[in-house]
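Asker: here's my sequence, what's the structure:
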Amino acid sequence: MVHIKDEGSHFDAPLDVVWKYNQSPDDHNRAHKHRNSEMKPISENQFQVSWEQEIEGTWVKISNRMTTLPPTGMAIEVLDGPLAGSKFFNYYTPKGNKTEVTIVGEFTSKMIPEAQLHQTVLKFLQEAFESDNSAIQEMAGKK
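Answerer: Numbering: from 1, shown residues only. Below you'll find the model as predicted:
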């Protein structure tokens with residue numbers, strides 16, 4: 001298990017656009033090239049989402065339980081996939097026409113060797129950020 005705090009990244013849109021994107025499963029699926037996605041509500045602010053994602057040429061099923069706490073952030077518990085058992089929180093800080101995003105969590109994996117876990121998680125977070133930021137810019141009319 002590794003503890004990661006990833007801070008200093010900014011989405012190129014205000015906080016309200018970030019939340020509009022967060023609440024749009026269709027936009028997420030397009031941005032991340034997921035397939036067979038499914039979302040099951042658990043409560044008003046909590047849902048379970050699953051999808052298949054291509055990782056190094058293989059389609060892998062991933063499932064997360066997410067608790068949204070607008071406008072502060074969201075808690076994510078990874079239920080299935082390479083990072084199953086991981087728990088992390090994305091929180092957002094408005095910065096005018098940008099939104100700072102910070103991720104803090106404990107990441108674990110039964111599939112990824114401990115020595116590679118930290119770097120693998122950082123790569124995953126960077127790829128997710130780039131996909132999200134591009135889709136958020138498009139939603140904000142900046143692309």
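Asker: tell me the contacts of residue 86?
Answerer: Residues near residue 86 by Cβ atoms under 8 Å, 6 or more residues apart in numbering: 77-78, 105-109, 121. To be clear about C-beta, it is placed using only N, CA and C from the backbone, and glycine gets the same treatment.
Asker: 10 Å - rerun?
Answerer: 1-2, 4, 64, 76-79, 105-109, 117, 121 (Cβ atoms under 10 Å, 6 or more residues apart in numbering).
Asker: for the helix or strand in which residue 129 is found, packing partners?
Answerer: Assigned by DSSP states H and E, residue 129 belongs to helix 114-139. Packing contacts for helix 114-139, counted by 3 or more Cβ pairs under 10 Å, 6 or more residues apart in numbering; DSSP states H and E, involve strand 2-11, helix 15-22, helix 25-32, strand 87-95, strand 98-107.
Asker: try it again with 8 Å
Answerer: Applying 3 or more Cβ pairs under 8 Å, 6 or more residues apart in numbering; DSSP states H and E, one finds that helix 114-139 contacts strand 2-11, helix 15-22, helix 25-32, strand 98-107.
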